[in-house]
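Undergrad: My questions concern the predicted model and sequence given below.
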Amino acid sequence: MAEWKDGIAKLVIPTPFAVGDVNVYAVKGEKLTLVDAGPKTDEAWEALKCQLKKLSLTPGDFEQVILTHHHPDHAGLLDYFPETMEVFGHPINRRWLSRTEKFIKSHDEFYLKLFTEFGVPEKYLSCIEIMKKTLRYSCCRTLAGELKEGDIPSGLDEWTVFETPGHAQSHIGFFREKDGVYIGGDHLLAHISPNPILEPPLPGKVERPKPQLQYNESLKRLKELPISLFYSGHGKDIINVNDLIEERLKRQHDRAMKVKMWLESQPLTVFEACTRLFPKVYEKELSLTISETVAQLDYLQSIGEIYINKEEKAFLYSASKEVV
């Protein structure tokens, strides 16, 4: 049952995604604020209204919505709110929330080129279209204003913005220094490690981001904050934040070392490594498993453990400098 705790009420909203329910938060301040919204489904809207009713609220009582990131399960339900509802978030949200034809075209071209370099067989390239289908649960909105590192959201004077790219390039969190409470979206989850999702290059850039490296750095930054309670985007609240961060970093390193061991025997494309890491699910969840696989390769390259041969159409990764 939704209830207030130190000015925050957690609302659990169903999603059509494998991750399950998403957590959104009502936050009291000079402006009653909703942090994240949920996916664009009737079921999500009814669940939101039902839980707000227990708080003697309606969606119309909110004065603003702020987003931790742009993913459909966090932003899609914005389409059910009036167009006058002000939405705030990191500027990278814009291209995903409004999705111009130019962006969609560049999105498809990016993934087609990338998956070719990764050695993804042609029969699987249809997953690029499947990836876009999830966007039907997203919204078509604009931002009323931007939130960046160090900003204090309007109407939430006790909260400070921290940029935490990795799971998404648009990802931010909110820290309340007086009691160590952090609202962190999908940056840290109690039950699973968030996927470092591949995204097209940032505006004005040519190279793709390397989300695993960003994610690791963002996790290390959180360790420097005296966080007493972490409200996450899915699952349970987190108290032992630093212990969980250490566990996440260690497990990621161990997974990468497993991949390096394979590369010591033979060079592999990203796709070939993906089929080994995720033999049972790579076909069903290719975009996510490819993101997770190249994350490990990006990490190994960053610590000098592997090399890339880019002379072939599909790049080959190996533990040796020798050109195969």
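TA: Structure's in. What do you need?
Undergrad: And the strands in the stretch 51-200 of the chain?
TA: 64-66, 86-89, 145-146, 159-163, 172-176, 181-183 (DSSP state E, counting those that start in this stretch).
Undergrad: Pull out the buried residues from stretch 306-314.
TA: For stretch 306-314, the neighbour count (16 or more other CB atoms under 10 Å) marks 306, 307, 309, 314 as buried. (Glycine included, C-beta is placed from N, CA and C.)
Undergrad: Got the confidence number for the second one?
TA: Pointing back at residue 307 there. pLDDT, residue 307: 93.
Undergrad: Over to the last one?
TA: As summarised for this prediction, residue 314 has a pLDDT of 91.
Undergrad: Give me the nearest residue to it, chain neighbours excluded.
TA: Sequence neighbours aside, residue 119 is the residue nearest to residue 314 in space, at 3.4 Å (criterion: CB to CB, 6 or more residues apart in numbering).
Undergrad: re earlier: put together a markdown table for the buried residues of stretch 306-314, with secondary structure on each row.
TA: Formatted as a markdown table, the buried residues of stretch 306-314 follow (DSSP: H, G, I helix; E, B strand; the rest coil):
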| residue | secondary structure |
| --- | --- |
| 306 | coil |
| 307 | strand |
| 309 | strand |
| 314 | coil |
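Undergrad: Using CSV, please lay out these together with distance to residue 81.
TA: Shown next, in CSV, are those (distance: CB to CB, whole Å):
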residue, distance to residue 81
306, 47
307, 50
309, 50
314, 45
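Undergrad: Pick the one among these closest to residue 63.
TA: Of all the buried residues of stretch 306-314, residue 63 sits closest to residue 306, with 50.3 Å by CB to CB.
Undergrad: before we move on, back to that, contact partners for the residue nearest to residue 314?
TA: By CB atoms under 8 Å, 6 or more residues apart in numbering, the residues touching residue 119 are 269, 270, 271, 272, 314, 315.
Undergrad: Surely the fifth one is in contact with residue 116?
TA: So that's residue 314. Yes: applying CB atoms under 8 Å as the test, residue 314 and residue 116 come out as touching, 7.0 Å apart.
Undergrad: Helices along the stretch 101-250 of the chain, start to end?
TA: Here the stretch 101-250 of the chain has its helices, by DSSP state H, counting those that start in this stretch, at 101-117, 127-133, 211-223, 241-265.
Undergrad: Enumerate every residue touching residue 145.
TA: By CB under 8 Å, 6+ apart, the residues touching residue 145 are 86, 88, 154.
Undergrad: ranking the residues you listed by neighbours, who comes first?
TA: Counting neighbours by other CB atoms under 10 Å, the top entry in the contacts of residue 145 is residue 88, with 22 neighbours.
Undergrad: if I look at that one, how far off is residue 35?
TA: From residue 88 across to residue 35, the span is 10 Å (CB to CB, to the nearest Å).
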